[in-house]
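**Q** Provide a 3D model corresponding to the input given below.
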Amino acid sequence: MQNPLGLDDISGRIDTATGGLRMRRLRQHDWSRRLVRETEVSANDLIWPIFVREGDGNDQPVPSMPGVFRMSVARCVEAARAARDLGIPVIALFPYTEGTRRDEMGSEAFNPGNLVCRACRAIKETVPQIGIMTDVALDPYTSHGHDGILVDGRIDNDRSVEALMRQALVQAEAGCDIVGPSDMMDGRVALIRQALDAAGLRDTLIMSYSAKYASAFYGPFRDAVGSGGILKGDKRTYQMDFGNADEALREATQDLAEGADMIMVKPGMPYLDIVSRLSRELGMPTFAYQTSGEYAMIMAAAGNGWLDGDKAMMESLAAFKRAGAAGTLTYFAPRVAEALGRR
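**A** Numbering: from 1, shown residues only. Just a heads-up that it's a prediction; the model follows:
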């Protein structure tokens, strides 16, 4: 359609209105977009969560998480080697615990010969260059599926913290580099830090799940670790209410005061405002966990042809970094690192 004012007149009016600034000029070419890009995801931003299981043989697929598997200890060593070669700095281990190894107290959590501890030793012996993070929580080990110890139908905070402290110690002694308390009990960071220091493990880092919300996005993870369907009640008495933001700041501030080296927000994408606020206001390394539910949503939509999975994957990770995350725990980690390596 011909412009009744004439093209030259329209162009002049636009230049007058914008002061001659044309924002689209920098978007015209791939090279110019890359040249001025503010946020860039790299393999250094990734932590790869891995599910470890007993036994040998083939990897066991997690049905609700396409492309994710439970691996034997030997296969976890291979995964650690692959992570190193891809430039991924850290893997995070989560155990699939058979029902026969679960009890009311989560006793297997502080067994020095448990699955996670064996995996830590095997990985450190073979791939010492990779960082290992472990999960400090009782839910993979309790028969009731909670992150703490139940007493008369309620989670006993202080007894749970004592158990978590013992769990963190055996993991650190097995060679993990980062312990990640994900339980949301009060005071657990302080006691874990004290116990690690007293045991001569001062160099073991603590990445506290400081703002872990009671969320609907954890379902596939619970299936992956074997706690799906066994949880009695819910976790709202200790995990955060999803309507609260100021509370996240208080939780993270307290964890840092108690000795945490890094803090985490979980879930990730529904809580980008929390990631941004904690990173900005506290000025400490702040991480996001792209949860199993977030991963499953992208994979399900991609599998149905509703969106481009690779593009959605990269866009989601850029969002975490743009919000201020120092890094992201994501099941996409090896796929992202491979894609970045092809650029």
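**Q** so who does the closest residue to residue 88 other than its chain neighbours touch?
**A** Nearest residue to residue 88, sequence neighbours excluded (C-beta to C-beta, 6 or more residues apart in numbering): residue 46, at 5.0 Å. C-beta here means a position set from N, CA and C on the backbone, and glycine is covered the same way. Counting by C-beta atoms under 8 Å, 6 or more residues apart in numbering, residue 46 touches 88, 89, 90, 327, 328, 330, 333, 336, 337.
**Q** Reduced to three states, what does the fifth one come out as?
**A** The three-state assignment at residue 328 reads strand, by DSSP: H, G, I helix; E, B strand; the rest coil.
**Q** before we move on, back to that, gap between the residue nearest to residue 88 and residue 10?
**A** 47 Å (C-beta to C-beta, to the nearest Å).
**Q** what does residue 73 give?
**A** In terms of C-beta to C-beta, residue 73 sits 68 Å off from residue 10.
**Q** So between those two, which is more surrounded?
**A** residue 73 (20 against 12; other C-beta atoms under 10 Å).
**Q** my guess is the more buried one contacts residue 118, does it?
**A** Yes. The criterion here is C-beta atoms under 8 Å, and residue 73 meets it with residue 118 at 5.6 Å.
**Q** Residue 319 sits in which helix or strand?
**A** helix 309-323 (DSSP states H and E).
**Q** Which elements pack onto that helix?
**A** helix 272-282, helix 292-303, strand 327-329, helix 333-341 (3 or more C-beta pairs under 8 Å, 6 or more residues apart in numbering; DSSP states H and E).
**Q** Name the residues that touch the first one?
**A** Contacts of helix 272-282 with the rest of the structure, by C-beta under 8 Å, 6+ apart, involve 210-211, 245, 248-249, 252-253, 256, 263, 265, 268, 284, 286, 288, 319-320, 323-326.
**Q** can you rerun that using 6 Å?
**A** 211, 248, 252, 265, 286, 288, 323, 324, 325 (C-beta atoms under 6 Å, 6 or more residues apart in numbering).
**Q** Report the spatially nearest residue to the third one, omitting neighbours in sequence.
**A** Of all residues beyond its chain neighbours, the one nearest residue 252 is residue 210 (4.0 Å), with distances taken as C-beta to C-beta, 6+ apart.
**Q** Let's see the pLDDT reported for residue 8.
**A** If you check residue 8, the pLDDT there is 68.
**Q** For the helix or strand hosting residue 209, C-alpha coordinates in CSV please.
**A** Element membership for residue 209, per DSSP H and E: strand 205-212. Coordinates of each C-alpha in strand 205-212 appear next as CSV, following Å, rounded to 0.1, in the frame of the first residue of the first chain:
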residue,chain,number,x,y,z
LEU,A,205,31.6,-26.3,49.7
ILE,A,206,28.0,-25.9,50.7
MET,A,207,25.4,-24.9,48.1
SER,A,208,22.3,-24.4,50.1
TYR,A,209,18.8,-24.8,48.6
SER,A,210,17.9,-21.6,50.3
ALA,A,211,14.6,-20.9,48.5
LYS,A,212,13.1,-24.2,47.8
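**Q** Check the offset of it from the chain's centre.
**A** 10 Å (C-alpha atoms, centre = their mean, to the nearest Å).
**Q** what ranges do the strands span in the protein?
**A** 46-52, 60-61, 69-71, 90-95, 131-136, 149-151, 154-156, 178-181, 205-212, 262-266, 286-289, 327-329 (DSSP state E).
**Q** for the record, mean pLDDT for the longest one?
**A** Predicted confidence along strand 205-212 averages 98 (mean pLDDT).
**Q** Would you mind pulling up the elements that it packs against?
**A** In terms of contacts (3 or more C-beta pairs under 6 Å, 6 or more residues apart in numbering; DSSP states H and E), strand 205-212 is packed against strand 178-181, helix 246-258, strand 262-266.
**Q** Show me what that strand pairs with in its sheet, parallel or antiparallel.
**A** Strand 205-212 pairs in its sheet with strand 178-181 (parallel), strand 262-266 (parallel), by DSSP bridges.
**Q** ok, residue 234 - how many residues close by?
**A** When neighbours are counted by other C-beta under 10 Å, residue 234 comes out with 9.
**Q** Quickly note the distance from it to residue 139.
**A** 12 Å.
**Q** shaky segments in this protein?
**A** For the chain, the stretches flagged by pLDDT under 70 are 1-8.
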